[in-house]
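[1] Mind folding the following:
(chains A and B)
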There are 2 protein chains.
Amino acid sequence: MVERESLSPQEEVRVLAGAARAAAAELARAPSAVKDEALRAIARALQAAEPEVLAANAEDLAAARAAGLPAPLIARLTLTPDRYGAMVRGVLAVAALPDPVGEVVEAWERPDGLRIEKVRVPLGVIGLIYESRPNVTVDAAVLCLKAGSSVLLKGGREAERTNLALVAALRRGLAAAGLPPGAVGYLQGGREAAQALMQATGLVDCLIPRGGAGLIRSVLAQARVPVIETGAGVCHLFVDRAADLEMAVRIALNAKCSNPAVCNALETLLVDAPVAEPFLRQLGPALREAGVAVRGCPRVREILPWAEPATEEDWAAEYLDLILAVRVVDGLEAALDHIARYGTRHSEAIVTRDPERAERFLQEVDAAAVYWNASTRFTDGGEFGFGAEIGISTQKLHARGPMGLREITTYKYRIRGAGHVRG
Amino acid sequence: MVERESLSPQEEVRVLAGAARAAAAELARAPSAVKDEALRAIARALQAAEPEVLAANAEDLAAARAAGLPAPLIARLTLTPDRYGAMVRGVLAVAALPDPVGEVVEAWERPDGLRIEKVRVPLGVIGLIYESRPNVTVDAAVLCLKAGSSVLLKGGREAERTNLALVAALRRGLAAAGLPPGAVGYLQGGREAAQALMQATGLVDCLIPRGGAGLIRSVLAQARVPVIETGAGVCHLFVDRAADLEMAVRIALNAKCSNPAVCNALETLLVDAPVAEPFLRQLGPALREAGVAVRGCPRVREILPWAEPATEEDWAAEYLDLILAVRVVDGLEAALDHIARYGTRHSEAIVTRDPERAERFLQEVDAAAVYWNASTRFTDGGEFGFGAEIGISTQKLHARGPMGLREITTYKYRIRGAGHVRG
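    Numbering: from 1, shown residues only, chains lettered A, B, ... in the order given. You can find the predicted model right below:
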């Protein structure tokens, strides 16, 4: 038997991917009821493993504190009994979702009687690279399993003890339900291990990076396997001259403040010049009260003198914090230009009473989700009714916007003939 | 003004991509009628340009012969008046297809009244890298335009004079219809130019390589932009013990011989042991008569002693020629194993009268198109009823199998509210 410690990251990926591929064939054949029972068995195994997972998490946290890691990272790394309970309930919620696999997306018959059927099937083996949020280990693995795919996980090194304890419970759950534990693999180690996963051509059908802009950039630069890019959201709200200004204030505050740390939060507010003064006089005090720092263009600072001056970098910034860039623009055209230049194609919104300008905005803005008179915060698998999400795609291939179960499947054609040959 | 000759390939890509991006915004807004009129104008411009394109082609051919390039490459490079006419008729056929853009794929309303609409939209800028087949220049550009996207073309260097003459006609057609000629860009030069296109992150929304296995491999290894892999087809036919043997002979001959040079042609025949003798005794002479060389496993050679011995390489070979690898296998399970190991996930077929084994094959084979009692040669956009195809995807993300107009679009969500904020 080969000692695991003696394997190179490339060999480790090959071993895990081999097991994952074999398991994927079984998962693809498994009826919905068997997959759902496996998810419930996983929930039970996680419940039983809570003491050991929390103990492993305490060790990770102690090491992180000893290494002087920053407070936000430690906060993300921390599993509390409350968070743990929410994670387990999340598994049961995914078990209760409809199975995307097997759905006949389209079917037609040629005049010669050949029947063609387009059917939804699992992707196979999904790779996932993420940062030190242990809940992602469970959330993502369970979505992949429900969608009939195996998953190879590579989480942040700081969470490795926690992640390994979670993965052991996931695998026990699978085994208890008679499914192969190799459907969930965890790749230990640092950058080299992540790199081996990114370059596992032919072994991984799709790689999903989940994390900050730095992680996404590094995956895009190094990956040799197909990637679904997720993440960065420099989201805009354009307050048109025909806006209901009170509605615009409510939407701006919701989009900026309800959860500033997420990718669908508002980062830049664009205000149409004719309403800049009345609107900013209403919004300004509310932002201050909510503790939001404003970085404004010169025309904004004439109205809100307490705002800091915005620089070119502010227009491209994803603050993920209580900071808002604000710019006065001359009309819809200027707003569209600004968004085309600085947007990340995530979520963009207009507030206006003018249906013509609204429809033009909906039509011309190139983004996953474009809103009229609503907050960008709705860009979310749960809010869209997908039941859960594995991430929000900001690329245009395969999936765009919130990715639920359907978005992590593929399709194939099944064709039934009676001796048909091509003329 | 900057001289084009002084630009590096990276700068050249930036200039062309900038024009393509601006043109894409206009194309995305253009109504179907305007796009269709532009395609008809392109057909007229191509007709008018026939003498100059054929003259450019003659120069390319003379240079190719002088350089001693192989005969198959010269055959692919050659434009005859007949081929030219077919190319122009192809443009008119695409103009007549339904527009994929604007289709509302799904729409729903949340209980709170927020209306979410998933709508098909253009990809934006599509890159295409291909070999020295000048007709691809026109076929691919026209499909991208119809799907509302700009296209950046990089064809084989040997066809450059021909391609530039074709692109000039395409751009004249666009201009005549009032659309921006920058919607079609052509990147001159060799490998460095192709590389610059592959690495144009943020400038190209999707890159489609079209050509042989070498080209595809090189693009997969070097690309930094999202790629749709096309191409290699090691397609199998499994003749089950319950097959109608005469039907199996017809399908095998059609799949191998009707056009051996294409990716959906049969490359390996798997025969269930119990019917190996009667089946191969029927098929063997027919193959010989059709000029097909057989490479067989030892059990095949007992029945067809004139067959050459097959080596391990033969099971993985995409011959694209009148050669067929033949293997006797012990049942469906062994056939599935062989296909899982050597198949390229393109097209796979079973011939059998047993519906249970057929359904198992349809279910378990992981390929873009899986056939029961029909030839693999049907895997084609035209045969599937898509009207045209830009290639056949062998990857699982975004599009699988024949890619028509819909497969070169993406989607976005348009969301209409009345002041909705997230709770």
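
[2] which residues in the stretch 51-200 of chain A form strands?
    Assigned by DSSP state E, counting those that start in this stretch, the stretch 51-200 of chain A shows strands spanning A:104-109, A:115-122, A:125-130, A:150-154, A:184-186.

[3] May I see these arranged in CSV, with mean neighbour count and mean pLDDT as well?
    C-beta: built from backbone N, CA, C; applies to glycine. Shown next, in CSV, are the strands of the stretch 51-200 of chain A (neighbours: other CB atoms under 10 Å in any protein chain shown; pLDDT from 0 to 100):
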stretch, mean neighbour count, mean pLDDT
strand A:104-109, 11, 97
strand A:115-122, 20, 98
strand A:125-130, 27, 96
strand A:150-154, 28, 97
strand A:184-186, 25, 97
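
[4] so which of those comes closest to B:Thr201?
    Closest to B:Thr201 of the strands of the stretch 51-200 of chain A is strand A:125-130 (CB to CB; 18.4 Å).

[5] tell me what that closest one is packed against?
    Packed against strand A:125-130 by the contact rule (3 or more CB pairs under 8 Å, 6 or more residues apart in numbering or on different chains; DSSP states H and E) you find helix A:9-29, helix A:134-146, strand A:150-154, helix A:191-198, strand A:206-210, helix A:213-222.

[6] Measure how far it is from the centre of its chain, please.
    12 Å (CA atoms, centre = their mean, to the nearest Å).

[7] partners of that strand in the sheet?
    Strand pairing for strand A:125-130, determined by DSSP bridges: strand A:150-154 (parallel), strand A:206-210 (parallel).

[8] May I have it as CSV, with CA atoms only?
    Taking C-alpha atoms only, strand A:125-130 is exported to CSV below (Å, rounded to 0.1, in the frame of the first residue of the first chain):
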residue,chain,number,x,y,z
VAL,A,125,-16.4,15.3,-11.0
ILE,A,126,-16.6,18.9,-9.7
GLY,A,127,-13.5,20.5,-8.1
LEU,A,128,-14.0,23.2,-5.5
ILE,A,129,-11.3,25.6,-4.3
TYR,A,130,-12.3,27.9,-1.4
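
[9] how about the strands paired with strand A:125-130 in CSV, adding distance to A:Asp380?
    Written out in CSV, the entries for the strands paired with strand A:125-130 read as follows (distance: least, CB to CB, whole Å):
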stretch, distance to A:Asp380
strand A:150-154, 22
strand A:206-210, 14
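
[10] Stretch A:374-385 - what's its average pLDDT?
    Average pLDDT, stretch A:374-385: 95.

[11] mind checking how far A:Glu106 is from chain B?
    To chain B, A:Glu106 is 10 Å away according to CB to the nearest CB, to the nearest Å.

[12] Quick check: closest non-adjacent residue to that residue.
    A:Lys118 (4.4 Å; CB to CB, 6 or more residues apart in numbering or on different chains).

[13] With A:Glu246 instead?
    Of all residues apart from its sequence neighbours, A:Gln282 sits closest to A:Glu246 (CB to CB, 6+ apart), at 7.5 Å.

[14] and the one you found, which of the three is it?
    Assigned state for A:Gln282: helix (three-state reduction, DSSP: H, G, I helix; E, B strand; the rest coil).

[15] Before we move on, what's the pLDDT of it?
    pLDDT, A:Gln282: 98.

[16] That one contacts A:Val249, correct?
    Yes - judged on CB atoms under 8 Å, A:Gln282 makes contact with A:Val249 at a distance of 5.3 Å.

[17] Among the two, which residue is more densely surrounded?
    A:Val249 (20 against 15; other CB atoms under 10 Å in any protein chain shown).

[18] What residues does that one make contact with?
    A:Phe279, A:Gln282, A:Leu283, A:Ala286 (CB atoms under 8 Å, 6 or more residues apart in numbering or on different chains).

[19] run the last query once more with 7 Å
    A:Gln282, A:Leu283, A:Ala286 (CB atoms under 7 Å, 6 or more residues apart in numbering or on different chains).

[20] What is the nearest of these to B:Arg21?
    Nearest to B:Arg21 among the contacts of A:Val249 is A:Leu283, at 33.2 Å by CB to CB.

[21] Next up, the contacts around that closest one.
    Counting by CB under 7 Å, 6+ apart, A:Leu283 touches A:Val249, A:Ala252.

[22] From B:Arg40, how far out is A:Val249?
    51 Å (CB to CB, to the nearest Å).

[23] Oops, could you answer that again for A:Ser218 instead?
    Noted for A:Ser218: a distance of 47 Å to B:Arg40, by CB to CB.

[24] Against which helices or strands is the strand or helix carrying A:Val300 packed?
    In this structure, A:Val300 is located in helix A:298-303 according to DSSP states H and E. When contacts are defined as 3 or more CB pairs under 7 Å, 6 or more residues apart in numbering or on different chains; DSSP states H and E, helix A:298-303 packs onto helix A:273-289, strand A:323-329.

[25] Can you check which strand is longest in chain A?
    The residue-count maximum for a strand in chain A (DSSP state E) belongs to strand A:409-420.

[26] partners of it in the sheet?
    strand A:115-122 (antiparallel), strand B:369-374 (parallel).

[27] Switch those strands over to TSV; also include distance to B:Ala55.
    As requested, these are exported to TSV (distance: least, CB to CB, whole Å):
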stretch	distance to B:Ala55
strand A:115-122	43
strand B:369-374	41
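
[28] Of these, which is nearest A:Ala24?
    Nearest to A:Ala24 among these is strand A:115-122 (6.7 Å), distances taken as CB to CB.

[29] Which residue is the nearest non-sequential neighbour of whatever residue of the stretch 251-400 of chain A ends up closest to chain B?
    Residue nearest to chain B within the stretch 251-400 of chain A: A:Ala374 (3.0 Å; CB to the nearest CB). Closest residue to A:Ala374 apart from its sequence neighbours, by CB to CB, 6+ apart: B:Gly417 at 3.0 Å.

[30] residues touching the one you found, list them.
    Taking CB under 7 Å, 6+ apart, one finds A:Tyr371, A:Trp372, A:Asn373, A:Ala374, B:Leu114 in contact with B:Gly417.

[31] give the contact list for the fourth one.
    This points to A:Ala374. A:Ile251, A:Ala349, B:Leu114, B:Ile415, B:Gly417, B:His420.

[32] what's the nearest residue to A:Gln10 if we skip its chain neighbours?
    Of all residues beyond its chain neighbours, the one nearest A:Gln10 is A:Ala196 (4.8 Å), with distances taken as CB to CB, 6+ apart.

[33] In this structure the one you found contacts A:Leu7, no?
    No - the pair A:Ala196 / A:Leu7 is not scored as a contact, 10.3 Å apart, by CB atoms under 7 Å.

[34] Could you tell me the phi and psi values at A:Val297?
    For residue A:297 the amino acid is Cys, not Val. Per-residue torsions, A:Cys297: phi -70, psi 170 (degrees, to the nearest 10).

[35] didn't A:Val167 look like it was pressed against A:Ala183?
    No - judged on CB under 7 Å, A:Val167 makes no contact with A:Ala183 at a distance of 11.0 Å.

[36] ok, the two, which is more surrounded?
    A count of neighbours by other CB under 10 Å puts A:Ala183 above the other of A:Val167 and A:Ala183, at 27 against 20.

[37] I figured the more buried one was touching A:Leu27, is that so?
    Yes - with contact defined as CB under 7 Å, A:Ala183 counts as touching A:Leu27 (5.8 Å).

[38] Quick check: neighbours shared by these two?
    Residues touching both A:Ala183 and A:Leu27 (CB under 7 Å, 6+ apart): A:Leu145, A:Ser150.

[39] show me what contacts A:Pro422?
    Small correction: residue A:422 is Arg, not Pro. B:Asn254, B:Ser258, B:Ser375, B:Arg377, B:Phe378, B:Glu383.

[40] Chain B versus A:Gly233, what's the distance?
    Applying CB to the nearest CB, the value for A:Gly233 to chain B is 14 Å.
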